[in-house]
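Q: Please work out how this folds:
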Amino acid sequence: MNTPTRPAPEHGILLRLTGPLQSWGRLSHFNERDTAPFPTRSALIGLLASALGRHRAEPIDDLATLTLTVRTDRPGIPLRDLHTVGGGLPARSTVTTAEGKKRSGDTTTLLTHRTYLADAAFTAALTTTPQTPDTLLEDAAAALTHPKWPLYLGRRSCPPEGPLLLGTSDDALYHLVHLPIAAPPPLAHQHPPTAFTSDQPLSRLPAPTHQDAADHADGDTPAGQINDQPATFHPRRRSYRARAAYHRSLHLPPAQYAGLGTPQLHTLAAYTTTHLTHPEGSIR
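A: Just a heads-up that it's a prediction; the model follows:
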């Protein structure tokens, strides 16, 4: 019997994305602000740009060469929030219309809805490609340790909780599969698969095929498209392109589930200290 060839290791950064609320806009338009069920490319490229201190008008071509793969530790609970804008203000301070005029009368108050993921947790790997500049990962890791500007999980109202940067590795996808999972151990009769999403085929994951969920998506066939490849974050010319989205689900060992709270953080710290490289001065 032929032994499957192990995918080539990929150099990358590993991130822990968790907090009370997250929101990864995907189809947000005007008064309806949705969230994708997982972190998007545009949000994480924006997070790196913020850490590096780049203004919105600066190029992001180098950051856009990185590949994103996300593991869903806890999918979270969707939460829809109602906001009002413009009400109770003098006419000169109300919302401006497309014609440049001010709303008046009963039209001054606008209702908007924002959707969040509550209590979600993700582990993400940003890996290099042949087009990635040589020092980009090291520069990004150092910036995430000492960010120029505050970092947030999709929206400014969603700060990250606990350690964000887990470290760097020459085999980032291996550790993405094997890092402790921020969730309670599954019950004996219930072992849900762990979902992985990526912008590249997921046969790259160094995991045996017997761990694949019985009804898993073909990790090498795009499951669809998502419009989250940023071309520019310029405030007046912000634009995105569509890219393929790949999905794969694995049954990871129950012993990999590290629970919640302090026990999970201790288990995670022990793993990252042993297996990952940390920028000088980072908190492990």
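Q: Now do the closest residue in space to Ser50 that isn't next to it in sequence, the pLDDT please.
A: Setting aside the residues directly before and after it, Ser50 is nearest to Trp149 in space (Cβ to Cβ, 6 or more residues apart in numbering), at 4.7 Å. Placement of C-beta: from N, CA and C, glycine included. Trp149 carries a pLDDT value of 95.
Q: quick one, what contacts Trp149?
A: By Cβ atoms under 8 Å, 6 or more residues apart in numbering, Trp149 lies in contact with Ser50, Ala51, Gly53.
Q: What strand or helix carries the first one?
A: Under DSSP states H and E, the secondary-structure element containing Ser50 is helix 41-52.
Q: contact partners of the next helix or strand after that helix?
A: Toward the C-terminus, helix 41-52 is succeeded by strand 67-74 as the next helix or strand (DSSP H and E). Strand 67-74 has contacts (Cβ under 8 Å, 6+ apart) with 10, 12, 18, 37-39, 41, 44, 119-129, 173, 176-177, 179, 181-183, 194-200, 202, 204-205.
Q: Can I get stretch 65-72 in PDB, CA atoms only?
A: The C-alpha trace of stretch 65-72 is given here as PDB (Å, rounded to 0.1, in the frame of the first residue of the first chain):
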ATOM      1  CA  THR A  65       0.200  37.500  -1.000                       C
ATOM      2  CA  LEU A  66      -0.300  35.600   2.200                       C
ATOM      3  CA  THR A  67      -2.600  32.600   2.300                       C
ATOM      4  CA  LEU A  68      -5.300  32.300   5.000                       C
ATOM      5  CA  THR A  69      -6.500  29.000   6.500                       C
ATOM      6  CA  VAL A  70      -8.800  29.100   9.500                       C
ATOM      7  CA  ARG A  71      -9.800  26.400  12.000                       C
ATOM      8  CA  THR A  72     -13.100  26.900  13.800                       C
END
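Q: List the contacts of the residue nearest the centre of the chain.
A: Geometric centre of the chain, nearest residue: Pro39, 2.9 Å, by Cα atoms, centre = their mean. Applying Cβ under 8 Å, 6+ apart, we find Pro39 in contact with Leu17, Gln22, Trp24, Leu68, Val70, Phe122, Ala124, Leu153, Gly154.
Q: how about the strands of the protein, start to end?
A: 12-18, 21-22, 32-33, 67-74, 77-85, 110-118, 121-127, 165-169, 194-198, 224-232, 239-250 (DSSP state E).
Q: Need the residues that contact the last one.
A: Going back to what we said before, that points to strand 239-250. 41-42, 177, 193-202, 205, 207, 211-213, 216-217, 219-232.
Q: Which among those count as buried?
A: If you count burial by 16 or more other Cβ atoms under 10 Å, the buried members of the contacts of strand 239-250 come out as 41-42, 177, 193-202, 205, 207, 211-212, 216-217, 219, 226, 228-230, 232.
Q: in the stretch 151-284 of the chain, what spans have low per-residue confidence?
A: 216, 280-284 (pLDDT under 70).
Q: Neighbours of Ala270, how many?
A: 13 (other Cβ atoms under 10 Å).
Q: separation between it and Pro180?
A: Applying Cβ to Cβ, to the nearest Å, the value for Ala270 to Pro180 is 9 Å.
Q: With adjacent residues omitted, what lies nearest to Pro159?
A: Here the nearest residue to Pro159 in space, its sequence neighbours aside, is Tyr152; by Cβ to Cβ, 6+ apart that works out to 5.5 Å.
Q: meant to ask about Arg238
A: Per Cβ to Cβ, 6+ apart, closest to Arg238 is Thr232, 6.4 Å.
Q: Would you mind naming the residues that bridge with the one you found?
A: Taking DSSP bridges as the rule, Thr232 bridges to Ser239.
Q: so it makes contact with Ile60?
A: Yes - the pair Thr232 / Ile60 is scored as a contact, 7.0 Å apart, by Cβ atoms under 8 Å.
Q: Contacts for stretch 125-132, please.
A: The contact list for stretch 125-132 (Cβ under 8 Å, 6+ apart) reads 10-15, 44, 48, 62, 65-70, 136-137, 140, 172-173, 175-176.
Q: swap in stretch 167-177?
A: The contact list for stretch 167-177, computed with Cβ under 8 Å, 6+ apart, reads 7, 9-14, 69, 71, 123-127, 137-138, 141, 196, 204-207, 250, 252, 272, 275-279, 282.
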